[in-house]
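Participant: pasting the structure only:
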């Protein structure tokens with residue numbers, strides 16, 4: 001594991017922060033007399049055990065070297081003043097906001113919402129809808145007008161009028177004119193929460209109650225309910241669609257059809273995928289793709305074909321997507337995962353969904369009980385009179401002397417919140433859609449929102465004091481972000497731009513970067529000995545490959561396939577017995593295939609040019625520069641390790 005991976009691991013592994021923390025701590029080492037303690041070292045080591053695969057990387061002596069090097073770089077960053085960079089401060093604030101979200105969840109409510117979401121994920125609902133648009137912050141008059149309109153449409157639908165016709169005529173969803181309001185099949189977390197709930201709480205064939213979302217008022221009709229299709233694992237062979245400038249626009253289609261015929265003739269799907277599939281990410285694996293569910297791929301055509309297959313090893317007919325021509329082989333179908341398997345994923349989805357409003361309401365209630373809070377009624381009376389009916393039209397303005405209202409309106413524990421803060425809050429709420437009347441009642445509602453907002457802010461500000469694991473992770477974030485800036489300056493950019501140094505490093509290490517033997521060749525294959533014999537004879541007569549295929553692939557039967565290009569020794573598409581010499585090979589059999597290889601050019605082992613191995617060289621050069629830099633930092637700063645304490649730590653971590 002590189003040093004870069006080490007410190008990245010510090011703050012991208014926060015989910016297991018705090019494991020095995022020990023309240024007792026001793027000074028493990030110092031850098032310029034600044035102490036670093038055993039508890040932090042132990043915590044970070046345990047966390048990063050999950051990141052390393054090589055057992056040698058778990059060696060505590062080596063890990064101490066990494067940890068000291070990490071802290072040396074942090075000290076250098078502070079010495080250079082990188083912590084004062086506004087970009088760094090903004091990024092740190094953003095990271096803290098993201099991390100803090102984990103501490104704003106009500107566990108009980110969250111678990112209920114996870115269970116509800118999981119239950120709904122068992123089904124997919126096919127529904128159509130009608131939308132009458134109205135802004136969330138619309139006037140009461142416009143809101144009532146929209147409601148009465150959807151109410152009339154709802155009565156027509158319930159009375160039995162054709163829902164699609166009603167959607168075409170009345171729906172303000174722009175797509176309704178084309179699809180008659182049909183939304184297709186969807187499951188949980190695909191629609192806004194209120195709409196989803198209406199869909200899952202309405203019986204098949206029935207019309208829902210009127211529902212309000214941020215888009216407006218809806219009614220929906222549930223057309224069908226089916227079991228969730230789950231996930232599927234398939235293998236595929238793909239031939240890319242031709243480019244507009246290609247002269248032979250039918251080549252891809254003809255090639256996929258030839259491959260399909262060979263599959264029907266009994267040839268192995270996996271072997272054909274390795275030889276011919278142009279999806280290089282899967283071809284070497286016999287075309288096998290990672291499992292996927294509905295909506296996870298960019299091609300609906302591909303998904304529908306995959307899910308339509310029922311039997312393992314079933315092979316589809318060739319079909320075209322926006323990417324190319326495919327043949328699919330079904331490997332395995334996977335049912336919907338268990339709740340335990342999906343729990344973390346569902347929790348994330350709940351937090352990003354309208355469902356989270358339930359969690360917020362629960363948190364507000366808890367914080368009101370957790371912290372002592374008191375309103376200054378005298379100050380409140382003064383401020384409330386400043387808010388006028390202009391608020392309803394979003395025309396209210398703070399008084400010119402608003403900043404002078406510094407007397408506290410609210411006290412939370414020992415923190416006092418000034419009256420001007422409340423006035424600023426009221427100003428920003430003018431477009432929140434609050435319509436309570438009279439104005440005194442509205443101001444009371446605004447104060448309740450203000451109280452919840454201030455309690456939440458107080459809780460947020462004190463997370464480091466209340467939760468040690470939060471403080472630990474934030475410290476790791478703080479250091480890690482600094483190192484990004486420092487490493488970019490000292491290592492990464494230098495490795496990319498120092499052409500002289502990179503060239504010198506390449507010259508010193510180029511023997512480590514070599515091509516294997518390569519050939520420019522055409523490989524012809526068949527499952528029939530008589531056909532490959534004919535192929536060999538035609539090759540020896542200098543017959544073109546295309547002409548050979550036209551001569552031997554007759555009567556709608558594909559007897560011979562070809563593959564040409566530059567192949568490195570060990571390439572799956574190249575017969576293992578290929579001789580690296582110009583000429584035509586003898587017939588060889590590997591597996592169920594007979595091969596003949598025509599080698600046009602031999603390229604022996606050779607050192608790769610700098611351009612041919614630039615990515616690897618730059619990476620190696622970065623690591624070289626980094627190690628030299630750490631050595632220099634050890635000279636710049638004074639490091640003292642308490643060896644006796646370290647031996648105790650080693651016994652605790654590796655008893």
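Facilitator: Received, thanks. Please read all numbers here as calculations on a predicted model, not as lab measurements.
Participant: Distance from the strand or helix carrying residue 141 to the middle of the chain?
Facilitator: According to DSSP states H and E, residue 141 maps onto helix 140-158. With Cα atoms, centre = their mean, to the nearest Å as the basis, helix 140-158 stands 40 Å off its chain's centre.
Participant: Neighbours of the residue nearest to residue 594 when sequence neighbours are not counted, how many?
Facilitator: Spatial nearest neighbour of residue 594, excluding adjacent residues (Cβ to Cβ, 6 or more residues apart in numbering): residue 532 at 4.0 Å. Glycine gets a C-beta too; all of them are placed from N, C-alpha and C. Residue 532 has 23 neighbouring residues, counting by other Cβ atoms under 10 Å.
Participant: what do you get for residue 124?
Facilitator: Residues contacting residue 124 under the criterion other Cβ under 10 Å number 19.
Participant: Please list all residues in contact with it.
Facilitator: Neighbouring residues of residue 124 by Cβ atoms under 8 Å, 6 or more residues apart in numbering: 185-187, 225-229, 294.
Participant: Enumerate every residue touching the residue nearest to residue 594.
Facilitator: Applying Cβ under 8 Å, 6+ apart to residue 532 gives the contacts 524-526, 560, 587, 594-596.
Participant: circling back: selecting buried members of the contacts of residue 124 in PyMOL, what would you type?
Facilitator: With 16 or more other Cβ atoms under 10 Å as the criterion, this PyMOL line picks the buried residues out of the contacts of residue 124:
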select buried, resi 185+186+187+225+228+229+294
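Participant: Show me what the helix holding residue 141 packs onto, helices and strands only.
Facilitator: With contacts defined as 3 or more Cβ pairs under 8 Å, 6 or more residues apart in numbering; DSSP states H and E, helix 140-158 has these neighbours: strand 123-133, helix 163-170, strand 216-227.
Participant: the inter-axis angle of the last one versus strand 123-133?
Facilitator: Same thing as strand 216-227. 170 degrees (axes from the mean of the first three to the mean of the last three Cα atoms, to 10 degrees).
Participant: ok, now the second one?
Facilitator: Orientation check (the same axes, to 10 degrees): helix 163-170 against strand 123-133 gives 30 degrees.
Participant: In this protein, which residue sits furthest out from the middle?
Facilitator: Centroid-distance maximum for the chain: residue 541 at 55.5 Å, with Cα atoms, centre = their mean.
Participant: Tell me the pLDDT of that one.
Facilitator: pLDDT, residue 541: 94.
Participant: Show me how to select, in PyMOL, the buried members of the contacts of residue 532.
Facilitator: Here is the PyMOL command that selects only those of the contacts of residue 532 that count as buried (16+ other Cβ under 10 Å):
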select buried, resi 524+525+526+560+594+595+596
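Participant: Which of the contacts of residue 532 fall in strands?
Facilitator: Among those, the residues falling in strands (DSSP state E) are 524-526, 594-596.
Participant: ok, so of these, who is nearest residue 353?
Facilitator: Proximity of the ones in strands among the contacts of residue 532 to residue 353, judged by Cβ to Cβ, is greatest for residue 525, which lies at 52.7 Å.
Participant: Who does the closest one form a beta bridge with?
Facilitator: residue 561, residue 595 (DSSP bridges).
Participant: from what I can see it touches residue 552, true?
Facilitator: No: assessed by Cβ atoms under 8 Å, residue 525 is found out of contact with residue 552, at 11.9 Å.
Participant: Spell out which residues are contacts of both of these two.
Facilitator: The contact sets of residue 525 and residue 552 overlap at residue 560 (Cβ under 8 Å, 6+ apart).
Participant: For the ones in strands among the contacts of residue 532, give me a markdown table that also has pLDDT and distance to residue 478.
Facilitator: What follows is the ones in strands among the contacts of residue 532, written out as a markdown table (pLDDT from 0 to 100; distance: Cβ to Cβ, whole Å):
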| residue | pLDDT | distance to residue 478 |
| --- | --- | --- |
| 524 | 95 | 62 |
| 525 | 94 | 59 |
| 526 | 95 | 65 |
| 594 | 95 | 65 |
| 595 | 95 | 60 |
| 596 | 95 | 64 |
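Participant: between those, which is closest to residue 152?
Facilitator: Nearest to residue 152 among the ones in strands among the contacts of residue 532: residue 525, at 69.4 Å, using Cβ to Cβ.
Participant: Enumerate every residue touching the closest one.
Facilitator: Here residue 525 is in contact with 275, 532, 560-563, 593-596 (Cβ under 8 Å, 6+ apart).
Participant: Please identify which of the residues you listed is nearest to residue 247.
Facilitator: Ranked by distance to residue 247 (Cβ to Cβ), the contacts of residue 525 are led by residue 562 at 18.3 Å.
Participant: Tell me where the model's unsure across the stretch 151-300 of the chain.
Facilitator: Residues of the stretch 151-300 of the chain that meet the criterion pLDDT under 70 lie in 295-296.
Participant: can you rerun that using 50?
Facilitator: For the stretch 151-300 of the chain, no stretch is flagged by pLDDT under 50.
Participant: Show me where it has its helices.
Facilitator: Using DSSP state H, counting those that start in this stretch, the helices found in the stretch 151-300 of the chain span residues 163-170, 176-179, 193-200, 251-264, 269-276, 280-283, 300-308.
Participant: Output these in JSON lines; the columns should cover mean neighbour count and distance to residue 113.
Facilitator: Listed next are those as JSON lines, based on neighbours: other Cβ atoms under 10 Å; distance: least, Cβ to Cβ, whole Å:
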{"stretch": "helix 163-170", "mean neighbour count": "19", "distance to residue 113": "30"}
{"stretch": "helix 176-179", "mean neighbour count": "14", "distance to residue 113": "31"}
{"stretch": "helix 193-200", "mean neighbour count": "20", "distance to residue 113": "9"}
{"stretch": "helix 251-264", "mean neighbour count": "18", "distance to residue 113": "46"}
{"stretch": "helix 269-276", "mean neighbour count": "21", "distance to residue 113": "43"}
{"stretch": "helix 280-283", "mean neighbour count": "15", "distance to residue 113": "36"}
{"stretch": "helix 300-308", "mean neighbour count": "17", "distance to residue 113": "28"}
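Participant: got JSON lines for the ones you listed, with distance to residue 629 too?
Facilitator: Listed next are the helices of the stretch 151-300 of the chain as JSON lines, based on distance: least, Cβ to Cβ, whole Å:
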{"stretch": "helix 163-170", "distance to residue 629": "66"}
{"stretch": "helix 176-179", "distance to residue 629": "60"}
{"stretch": "helix 193-200", "distance to residue 629": "51"}
{"stretch": "helix 251-264", "distance to residue 629": "51"}
{"stretch": "helix 269-276", "distance to residue 629": "44"}
{"stretch": "helix 280-283", "distance to residue 629": "36"}
{"stretch": "helix 300-308", "distance to residue 629": "48"}
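Participant: just so I know, which of those lies nearest residue 234?
Facilitator: Ranking the helices of the stretch 151-300 of the chain by proximity to residue 234 (Cβ to Cβ) places helix 300-308 first, at 5.0 Å.
Participant: Show me the contact partners of that closest one.
Facilitator: By Cβ under 8 Å, 6+ apart, the residues outside helix 300-308 that reach it are 229, 232, 234, 236, 292, 294-297, 316, 319-322, 326, 328, 330.
Participant: could you flag which of the residues you listed are buried?
Facilitator: Buried members of these, counted by 16+ other Cβ under 10 Å: 229, 232, 234, 236, 292, 294, 316, 321, 326, 328, 330.
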